[in-house]
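Student: Sequence and computational prediction follow.
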Amino acid sequence: MNARRISVGFGCGALGTVAMSIPMMLATGAGVAQMPRPIPAAIVASLLGPGLPKPLLMLLAVGSHLLFGGVWGAALTVMSKRVTVRKGVALGVGLWLGMQLIVLPALGWGVFGAAVTPKIALATLILHLIYGVTTGYFVQRFVR
């Protein structure tokens, strides 16, 4: 496995994270988001405590989200000899399931966000499909 392939996968995963974050941020800004706060910010706040200054919280949330998406994009290039959009979507759905079954319950939001609203499951599925399509498309395009 060469370093260029892994770095391209990382960059494409980070790009996929940006693509999924744009509608999340727009929905949050418009007040129509299904989540009480963006999940990356909720994770950082739960790990580091509620007293974290908001600019630092957002910096850590955005940075960790980009890092996480990049690492999984790189992992996709390592796990698959030929990356496709379909494989990117499968990765996005797998990450979504992990979030629904592990992260959201750990945040106190319940499995599939049911303790807050069941709409979280669909909203986050759409975001993760955006991540998967974007990541798979660009890895497929730039990794030969």
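Tutor: Yep, it's here.
Student: In this protein, spot the helix with the most residues.
Tutor: Ordering each helix of the chain by length in residues (DSSP state H) puts helix 3-30 first.
Student: List the buried residues in that one.
Tutor: 5-6, 8-17, 19-21, 24, 27-28 (16 or more other CB atoms under 10 Å). For every residue, glycine as well, the C-beta is placed using N, CA and C.
Student: For the helix or strand that it is followed by, which residues meet the burial criterion?
Tutor: Downstream of helix 3-30, the first helix or strand assigned by DSSP states H and E is helix 39-48. By neighbour count on 16+ other CB under 10 Å, the buried set for helix 39-48 is 39, 40, 41, 42, 43, 44, 45.
Student: count of residues packed around residue 79?
Tutor: Residue 79: 12 surrounding residues under other CB atoms under 10 Å.
Student: Only C-alpha atoms, please: export stretch 79-92 in CSV.
Tutor: Below are the C-alpha coordinates for stretch 79-92, written out as CSV (Å, rounded to 0.1, in the frame of the first residue of the first chain):
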residue,chain,number,x,y,z
MET,A,79,-9.5,-2.2,2.7
SER,A,80,-10.4,-2.1,-0.9
LYS,A,81,-8.1,-2.6,-3.9
ARG,A,82,-10.7,-0.8,-6.1
VAL,A,83,-12.8,1.8,-4.5
THR,A,84,-16.2,2.6,-5.9
VAL,A,85,-19.1,4.8,-5.0
ARG,A,86,-21.0,1.7,-3.8
LYS,A,87,-18.1,0.9,-1.4
GLY,A,88,-18.1,4.5,-0.2
VAL,A,89,-21.9,4.3,0.5
ALA,A,90,-21.3,1.0,2.3
LEU,A,91,-18.7,2.7,4.5
GLY,A,92,-21.1,5.7,5.1
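Student: Could you give me the buried positions within it?
Tutor: Within stretch 79-92, the residues scored as buried using 16+ other CB under 10 Å are 80, 83, 85, 87, 88, 89, 91, 92.
Student: ok, now which ones touch the last one?
Tutor: In other words, residue 92. For residue 92, the contact set (CB atoms under 8 Å, 6 or more residues apart in numbering) comprises 16, 128, 129, 130, 131, 132, 133, 135.
Student: Before I go, just wanted to say thanks for your time.
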